[in-house]
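Asks: quick one: sequence and predicted model below, then my questions.
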Amino acid sequence: METPPDNDVLWGRSLRHAHEGSPALLGVSLGVRDGEILAVAGPRGSGKTTLLRCLSGQLVPDEGEVWFNSAPVHTLRRAARERLRRERFGWIDPSPRLVPELTARENAALPLLLTGASHRAARQAAQEWLERLDVGECARTRPAGLTQAQRQRVAIARALVTVPEVVFADEPTAALHRADHAQVLRTLTTAARSHGITMLLATHDSGVAEFADRTVALVDGRRTAPEGALC
Amino acid sequence: MLKESRADARETEPDEPEVPRSEIAGSEVPEADEAGGRTEPGAGPAADPAVVVPGGLLPSGVALRLALRGGVAGALMRCVLATAAAGVTFLLLAALGQALRHPHHLAAGAERLAWCAPPLVATVWLAVVSARGRAGSPAADALAAIGVGPSRLPRILAAQVMWTCLLGSVVAWGTFLRLRHALAGTAALPVAGVVTLLLVVPLTAGAVCLTALRFRLSTRPLPWGLAPAVAGLACAWWGRHAKASVPLPGGSRDMAPAVLAGWALACAGVVACAPWLVALAGRALASWRPGPVRLLAGRALRTDARRVAAAVAWPAAVLALVPAAFRLHAGHRPGAFTLLGAAVVLGAAGCAAVASAARARTNGSATRRTLAGLGASRSVLVRVAVVRAVVVIGVAALAAAPVSWLLDGVLRLR
């Protein structure tokens, strides 16, 4: 097996994946440097989400390799990949996907509780992140009582609460109005930079790429621009 | 996104063969249903000019089509419902036959007819549970896309229930005809009476389903069921020395009307306060610095109390009566009709519980997907489910035990 370059925290090589026969990724290679914000740009159906899911260990690619911190991810068993996602990665969906029966603070605290943190510590960390993301006053409200923008902020707080090494944000502003777009992205990228979190930001909006250090373009499951190519 | 989440559910791994396979089985069932349902509105009603009429979609036509392509779980549910309906209709026809054989004992015939009420109630409850399950299915979502929304859907589902029950009634009618001489003697059967009895279960079930699906109760459970439960127990206690004048099914024993009314009230009370008890248990479970398992299990119970309670309340109420029923029938062999009635009640309550539990599981699947997205291990999800189940069974036992014990005590005193 070929070992990845040392300065890449996350590395995917010749990733191919098909969903029930429909091809999504057709040999994508990608390296993500430590602490950078990398935008994965492309229209709907270009394979952005599949690429992020393969890199984050949610999906095992049909072909190709994924390495994280110089250790292979694609060969890990399911339990080990779950643990990796729980402890080292954060994930933000296009729509918030909060647990409806828990309050905003409990939702944000959930990843910490799952990693075995004490209730008090998890609660405190969740409250701090909610306040940083301007939704501190909604801490005791359930998702049904929040606006979509507030829910998405809670989802972002949930992804950052464990201070993960890599955050995967799959179109984090897709469900928001334009007014909220820039603000949410600014908060997200600022938080990532101030805590040294590496971030992959999938987007179909060219404006989003402004917030990133580097952009990788995908079309029909393939990388198009050679910009920032590492392989 | 949908495609990708499905692909995730189907993700397989060579080193853990059992676990992903069970996950595939879990995700396959609703998908099959979904596929069947999604093709339905496009291909079925549009292609069939008999269904697309100026007034909109004919409820019975769509109902039949949905019933025929509803998947294995749906077919099984309809089979059980039809069987229960057949049992109740057979009991009703048998009561009619008895009345025809002994035309001078009208009171006895009326009592037999009245004893068909508990199996009828159980069957109607099963029908409501099955219709509610369909109301939340992907097929219902697909129908909503072509304009069959909350006002039209109940009619389709009620029609579906009605057809299923009618099928059961017809089967019961066939069986009754085969046993006619044993059950009704040589007397001619009154056509109006037979038709009325054949339509009792389908029409009642259809009407109750329509009402239950139209009107949604408030989501916040209240303890108002405590009053009838206590009143029922008090009534049974007060009437324990009264003259026994109501014959029980099978004709082996008589019972005081007050005790009987007390039973019914206590059962209704247990069923009515079950959601409140479940919500209370959920609140208690998630208090005092909960970890993820207690937090998720407790909050889910609190939010979903009404559905969870629907799954356990009727079996709990029925089980509460079982010891008392055994005491009453001690030394007597129950007749075939008594056994049939008891089987319908127990079977319908059990199936309704299983269906409600399955529905609660489907409703929780979004939460499970979210947790899986956070990297929650499988053991956490299993532990949440186990804690929930244990608490629910504990609550059911706690609610049923005093009722059962007091009723048994009343009977022992007699």
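Replies: Yes, it's here.

Asks: is chain B contacted by stretch A:21-31?
Replies: Yes - under the criterion of CB under 8 Å from any CB of the partner chain, chain B is reached by stretch A:21-31 at A:22, A:24. (Glycine included, C-beta is placed from N, CA and C.)

Asks: find the nearest non-adjacent residue to A:Glu171, please.
Replies: Nearest in space to A:Glu171, with sequence neighbours left out and distances taken as CB to CB, 6 or more residues apart in numbering or on different chains, is A:Pro94 at 4.2 Å.

Asks: before we move on, what about B:Val270?
Replies: Closest residue to B:Val270 apart from its sequence neighbours, by CB to CB, 6+ apart: B:Ala317 at 4.8 Å.

Asks: helices of chain A, residue ranges please.
Replies: For chain A, the helices defined by DSSP state H cover A:48-55, A:78-87, A:104-114, A:119-132, A:148-160, A:178-194.

Asks: next helix or strand past the helix or strand hosting B:Leu226?
Replies: Assigned by DSSP states H and E, B:Leu226 belongs to helix B:226-238. Going down the chain from helix B:226-238, the next helix or strand is strand B:246-247, by DSSP H and E.

Asks: that next one pairs with which strands?
Replies: Taking DSSP bridges as the criterion, strand B:246-247 forms sheet pairs with strand B:254-255 (antiparallel).

Asks: neighbouring contacts of the worst-scoring helix or strand of chain A on mean pLDDT?
Replies: Taking mean pLDDT, DSSP states H and E as the measure, chain A has helix A:178-194 as its least confident helix or strand, at a mean of 86. With CB atoms under 8 Å, 6 or more residues apart in numbering or on different chains as the test, helix A:178-194 has contacts from A:35, A:37, A:92, A:132-134, A:149, A:152-153, A:156, A:160, A:167, A:169, A:172-173, A:176, A:197-199, A:205, A:207-208, A:211-212.

Asks: equivalent analysis for stretch B:92-103, please.
Replies: Stretch B:92-103 has contacts (CB under 8 Å, 6+ apart) with B:105-106, B:108-109, B:112-113, B:116, B:172-173, B:176, B:180, B:183-185, B:187, B:189, B:193-194, B:197-198, B:200-201, B:337.

Asks: longest helix in chain B, please.
Replies: helix B:378-413.

Asks: give me the phi and psi angles of the nearest residue to A:Arg44 once chain neighbours are set aside.
Replies: Leaving aside its sequence neighbours, A:Arg44 sits nearest to A:His204 (CB to CB, 6+ apart; 6.1 Å). Per-residue torsions, A:His204: phi -110, psi 0 (degrees, to the nearest 10).

Asks: from A:Gly42, how far out is A:His204?
Replies: As judged by CB to CB, to the nearest Å, A:His204 and A:Gly42 stand 6 Å apart.

Asks: tell me the residues that contact both of these two, please.
Replies: Residues touching both A:His204 and A:Gly42 (CB under 8 Å, 6+ apart): A:Lys48.

Asks: higher neighbour count, the two?
Replies: A:Gly42 (22 against 15; other CB atoms under 10 Å in any protein chain shown).

Asks: how about the strands in chain B?
Replies: Listed in chain order, the strands of chain B (DSSP state E) span B:52-53, B:56-57, B:246-247, B:254-255.

Asks: tell me the mean pLDDT over the first one?
Replies: Here the mean pLDDT over strand B:52-53 is 36, rounded to a whole number.

Asks: any low-confidence regions in the stretch 251-400 of chain B?
Replies: Segments of the stretch 251-400 of chain B classed as low confidence (criterion: pLDDT under 70) are B:251-253, B:331.

Asks: pick out the residue of it closest to chain A.
Replies: Minimum separation of the stretch 251-400 of chain B from chain A (CB to the nearest CB) falls at B:Gly375, amounting to 3.2 Å.

Asks: rewinding a little: now the helices of chain A as CSV including mean neighbour count?
Replies: What follows is those, written out as CSV (neighbours: other CB atoms under 10 Å in any protein chain shown):
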stretch, mean neighbour count
helix A:48-55, 26
helix A:78-87, 18
helix A:104-114, 26
helix A:119-132, 19
helix A:148-160, 25
helix A:178-194, 16
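
Asks: turn these into TSV, columns for distance to B:Leu411.
Replies: As requested, the helices of chain A are arranged in TSV below (distance: least, CB to CB, whole Å):
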stretch	distance to B:Leu411
helix A:48-55	63
helix A:78-87	54
helix A:104-114	48
helix A:119-132	49
helix A:148-160	56
helix A:178-194	67
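
Asks: out of those helices, which gets nearest to B:Leu167?
Replies: helix A:78-87 (45.2 Å; CB to CB).

Asks: measure the residue nearest the centre of chain A to chain B for me?
Replies: Nearest to the geometric centre of chain A sits A:Phe168, at 1.2 Å (CA atoms, centre = their mean). Going from A:Phe168 to chain B by CB to the nearest CB, to the nearest Å gives 10 Å.

Asks: OK, contacts around that residue?
Replies: A:Phe168 neighbours (CB under 8 Å, 6+ apart): A:52, A:55-56, A:89-92, A:199-200, A:202.

Asks: mind showing which ranges of chain A have poor pLDDT?
Replies: In chain A (pLDDT under 70), the answer is A:1-6, A:225-231.

Asks: which parts of it sit against chain B?
Replies: Proximity of chain A to chain B, by CB under 8 Å from any CB, involves residues A:19-20, A:22, A:24, A:49-50, A:53, A:58-60, A:77-79, A:81-87, A:89, A:91, A:93-94, A:97-102, A:106, A:110-111, A:113-114, A:118-120, A:158.

Asks: for the stretch 151-300 of chain B, which residues are neighbours of chain A?
Replies: Contact residues, the stretch 151-300 of chain B versus chain A (CB under 8 Å from any CB): B:289-292, B:295-296, B:299-300.

Asks: one more pass at 7 Å, please.
Replies: B:289-292, B:295, B:299-300 (CB under 7 Å from any CB of the partner chain).

Asks: CSV please, covering these and showing neighbour count.
Replies: CSV is the format used below for those (neighbours: other CB under 10 Å):
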residue, neighbour count
B:Arg289, 12
B:Pro290, 17
B:Gly291, 16
B:Pro292, 25
B:Leu295, 24
B:Arg299, 23
B:Ala300, 26
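
Asks: go through the residues you listed and name the one nearest B:Gly239.
Replies: B:Ala300 (41.2 Å).

Asks: and the closest residue in space to the closest one that isn't next to it in sequence, how many neighbours does it have?
Replies: Leaving aside its sequence neighbours, B:Ala300 sits nearest to A:Glu101 (CB to CB, 6+ apart; 5.3 Å). For A:Glu101, the neighbour count with other CB under 10 Å is 23.
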